[in-house]
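A.B. asks: Here's my sequence, what's the structure:
(one chain, ligands or ions: 1)
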Amino acid sequence: MPPPPTTAFRLECHEVLESTSTTLKQRAEAGVAEGLAILALRQSAGRGRQGRGWESPAGNLYFSLLLRPAVPLRDAPQWSFVAAVALAETLKPLLPHEARLTLKWPNDLLLHGAKAAGILVETGVAASNTLDWLCIGIGVNIASKPSLPDRATSCLAEFLPEPPAPEILATALLRNFAHWHETRLAQGFTPIRDAWLRHGPAMGAPVSVKRDGALLEGAFAGLSPEGGLKLAKGREVQLILAGEII
Ligand code: BTN
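C.D. replies: This is a model prediction of the structure:
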């Protein structure tokens, strides 16, 4: 028998916010219980990874979720994989096979090789240097996609004549998230890593990673037990803990 769920999830919807993650982080600091998810139909100051902005017109999903797992701070990045798997398993059944949904390390979701969703995980640290809260922000291009200078983008509407409304997608995502969050808490990271790999690149696929301004090239050789990227070059396998695949 699986253990009973530990988190009560609930969704709060707003017409417009600066950023669902900014609002959620303020609520986290004010002590709100975990499981709160915030959805906005538009954001006026959406944030992406590495200090980038996130264009947020109406029609796409802008969603942030608060968790307070009792785990060491070093395990926090594992939740970006939890989020990526939950998102992939929410979207895949909706899409035709030719959309070719794949996950890109560490946590982008691609359709036909172009970015359709991104995940931003932020943490709050308690005084004793333990994890206080996790804010998992997820943006999905449903109706439209931004034009970016450095990467191809896509949206669900390119593959679906009637893509889901953000509220419907958020409810389904929360259900899948609850499942994978409980799986992580009960069974550790291995099932999450295995699920990520089922949606990830094929073993041996060519990969280029930008790290500290340097370009590393090799073949995808899986994920380490902590979620690091294994990059093979001949017989050598390099472990990459931070960087961006290009
Ligand atoms: C990325 O750069 O790929 C991560 C993008 C994360 C965007 C989402 S949209 C909902 C939440 N609120 C934000 O301001 N950012 C995240």
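A.B. asks: Helix or strand next in line after the strand or helix carrying L197, which one?
C.D. replies: Using DSSP states H and E, L197 falls within helix 190-199. Proceeding N to C from helix 190-199, the next assigned helix or strand is strand 206-211, under DSSP H and E.
A.B. asks: Do me a favour and average the pLDDT over that next one.
C.D. replies: For strand 206-211, the mean pLDDT works out to 84.
A.B. asks: list the helices and strands the helix holding L197 packs on?
C.D. replies: Secondary-structure packing of helix 190-199 (3 or more CB pairs under 8 Å, 6 or more residues apart in numbering; DSSP states H and E): helix 78-91, strand 101-104, helix 166-187, strand 214-223. Glycine gets a C-beta too; all of them are placed from N, C-alpha and C.
A.B. asks: Pick the most deeply packed of those.
C.D. replies: Of those, the one with the most neighbours on average (mean count of other CB atoms under 10 Å) is helix 78-91, at a mean of 25.
A.B. asks: and the angle for that one with helix 190-199?
C.D. replies: Interaxial angle, helix 78-91 versus helix 190-199 (axes from the mean of the first three to the mean of the last three CA atoms, to 10 degrees): 50 degrees.
A.B. asks: Can you name the residues that contact the spatially most central residue of the chain?
C.D. replies: With distances taken as CA atoms, centre = their mean, the residue of the chain nearest its centroid is I119 (3.4 Å). Neighbouring residues of I119 by CB atoms under 8 Å, 6 or more residues apart in numbering: S80, A83, A84, L87, N107, D108, I136, G137, I138.
A.B. asks: Can you report how many residues lie near the closest residue to the ligand within the chain?
C.D. replies: Across the chain, no residue is closer to the ligand than G118, which sits at 2.1 Å (CB to the nearest ligand atom). Neighbours of G118 under the rule other CB atoms under 10 Å: 20.
A.B. asks: cool, and the one 3 residues further on?
C.D. replies: If you count neighbours by other CB under 10 Å, V121 ends up with 22.
A.B. asks: Next, the angle from the helix or strand hosting the residue of the chain closest to the ligand to helix 78-91.
C.D. replies: Using DSSP H and E, G118 falls within strand 114-125. Here the directions of strand 114-125 and helix 78-91 differ by 140 degrees (the same axes, to 10 degrees).
A.B. asks: can you give me how far strand 114-125 is from the chain middle?
C.D. replies: What separates the centre of strand 114-125 from the centre of its chain is 5 Å, taken as CA atoms, centre = their mean, to the nearest Å.
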